[in-house]
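**Student:** 3D, please:
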Amino acid sequence: MPITLEAAREARTNISGFAIRTPLVRLNTAEHDIYLKLENLQPIGSFKIRGASNAVARTEKERLAKGLVTASAGNMAQGVAFCARRLGIPATAIAPDTAPETKVRAIERLGGRVIKAPFDQWWRAFETRSFPGVDATFIHAFDDPNVMAGNGTIGLELIEDLPDVDAVIVPWGGGGLACGIASVVKALRPAVRVYAAEAATGAPLAASLEAGTPQVVDYTPSFVDGIGSKTVFPGMLAEARQLLEGSIVSTLAEIAFALKLVAERNRIIAEGAAACAVAAALKAGPGKIVAIVSGGNIDMKKFSELVGD
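**Tutor:** Residues are numbered from 1 along each chain as shown. Below is the predicted model of the structure:
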């Protein structure tokens with residue numbers, strides 16, 4: 001079920017000292033009334049610090065003492081490793097073997113151990129909330145009410161900063177960010193439209209919303225590595241059907257254009273998932289649109305390739 005305003009407000013207190021309140025700035029174009037929620041400015045370069053720190057704050061000390069483990073392509077693992085380092089406990093990240101080395105190195109810099117696994121085995125860790133040979137407390141990247149409450153603090157901030165917002169566009173990975181934000185936004189401003197943003201190289205939510213049941217789609221790894229998968233969790237689909245207006249799917253070319261646009265106009269480094277939200281916002285119609293710039297952890301060589309002429 002959707003998270004409550006009370007849970008999001010409690011999370012705001014819990015994450016203080018770990019996450020920062022990020023700015024909401026207007027995209028510098030004359031053609032669109034788009035605003036960018038800059039989660040790429042978080043200490044780990046991603047919104048994931050919010051959910052990770054709230055989940056850790058609400059975990060019993062006895063369970064924390066075992067250490068932490070998460071399954072993540074990179075950003076949630078950095079959030080968990082960041083929190084674990086603060087607490088002086090070990091952290092392990094189960095990453096897909098397609099995870100960019102930039103994110104792997106970032107996890108290791110924070111003191112986290114990285115175990116790479118084939119995509120299907122990595123995805124199974126989300127389902128079982130465990131990984132063979134790792135005895136630690138599992139922090140789920142998206143299917144966790146405490147993580148979603150932490151993510152929901154973004155909704156509190158953007159409504160305070162832009163009360164007359166018309167629509168919010170959120171990258172869809174597992175759904176914890178989109179459903180967390182939508183829960184709060186809809187509670188405060190029921191008329192606001194909230195959309196997921198997906199890349200055409202892996203858009204299971206769009207297919208699942210159309211069918212009404214979880215669908216399996218083709219997934220092709222790309223520079224949009226923070227989102228995209230083969231399917232959706234049934235529980236997350238149920239929440240999406242209740243909270244979201246739909247999913248806006250963009251091509252890699254559209255996402256690359258959006259990435260270059262925010263770099264040129266606002267001097268913002270966005271990763272592929274974040275640029276996917278901006279690409280969707282460019283197609284979301286009239287009104288004041290907020291795109292959640294979910295992170296900026298992109299390989300600099302790849303970034304240069306994408307923004308170069």
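**Student:** contacts and neighbour counts: CA atoms only from here.
**Tutor:** Fine.
**Student:** name all residues that make contact with Trp123.
**Tutor:** Neighbour list for Trp123: Ala71 [criterion: C-alpha atoms under 8 Å, 6 or more residues apart in numbering].
**Student:** CA-only coordinates of the strand or helix carrying it in CSV, if you can.
**Tutor:** Applying DSSP states H and E as the criterion places Trp123 in helix 119-128. Extracted in CSV, the C-alpha atoms of helix 119-128 (Å, rounded to 0.1, in the frame of the first residue of the first chain):
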residue,chain,number,x,y,z
PHE,A,119,21.7,-10.7,-14.4
ASP,A,120,19.2,-13.5,-13.6
GLN,A,121,21.0,-14.4,-10.4
TRP,A,122,21.2,-10.7,-9.5
TRP,A,123,17.5,-10.3,-10.0
ARG,A,124,16.9,-13.4,-7.9
ALA,A,125,18.5,-11.6,-5.0
PHE,A,126,15.8,-9.0,-5.1
GLU,A,127,13.2,-11.8,-4.9
THR,A,128,14.8,-13.9,-2.1
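**Student:** and it, average pLDDT?
**Tutor:** Across helix 119-128, pLDDT averages out at 91.
**Student:** before we move on, what about stretch 48-61?
**Tutor:** What stretch 48-61 shows for mean pLDDT is 95.
**Student:** could I get that stretch in CSV with only the CA atoms?
**Tutor:** Output of stretch 48-61 as CSV, limited to C-alpha atoms (Å, rounded to 0.1, in the frame of the first residue of the first chain):
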residue,chain,number,x,y,z
LYS,A,48,19.4,6.4,-3.0
ILE,A,49,21.0,7.8,0.1
ARG,A,50,17.5,8.8,1.2
GLY,A,51,15.9,5.4,1.2
ALA,A,52,19.1,3.7,2.4
SER,A,53,19.5,5.9,5.4
ASN,A,54,15.9,5.7,6.4
ALA,A,55,15.9,1.9,6.1
VAL,A,56,19.1,1.7,8.2
ALA,A,57,17.6,4.1,10.8
ARG,A,58,14.6,1.8,11.2
THR,A,59,16.6,-1.4,11.5
GLU,A,60,17.3,-3.0,14.9
LYS,A,61,20.8,-2.7,16.3
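**Student:** list the buried residues in it.
**Tutor:** For stretch 48-61, the buried set under the neighbour-count rule, 16 or more other C-alpha atoms under 10 Å, comprises 48-57.
**Student:** also stretch 251-266?
**Tutor:** Of the residues in stretch 251-266, 252, 254-262 count as buried by neighbour count, 16+ other C-alpha under 10 Å.
**Student:** and it, how far out from the chain's middle?
**Tutor:** 18 Å (C-alpha atoms, centre = their mean, to the nearest Å).
**Student:** likewise for stretch 178-186?
**Tutor:** That offset, for stretch 178-186, works out to 13 Å (C-alpha atoms, centre = their mean).
**Student:** what about dumping the CA coordinates of that stretch to CSV?
**Tutor:** Provided in CSV are the C-alpha atoms of stretch 178-186 (Å, rounded to 0.1, in the frame of the first residue of the first chain):
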residue,chain,number,x,y,z
ALA,A,178,8.2,6.5,-8.3
CYS,A,179,5.8,5.0,-5.8
GLY,A,180,7.4,6.7,-2.9
ILE,A,181,7.2,10.2,-4.5
ALA,A,182,3.8,9.6,-5.9
SER,A,183,2.4,8.5,-2.5
VAL,A,184,3.4,11.9,-1.0
VAL,A,185,2.5,14.1,-4.0
LYS,A,186,-0.9,12.5,-4.4
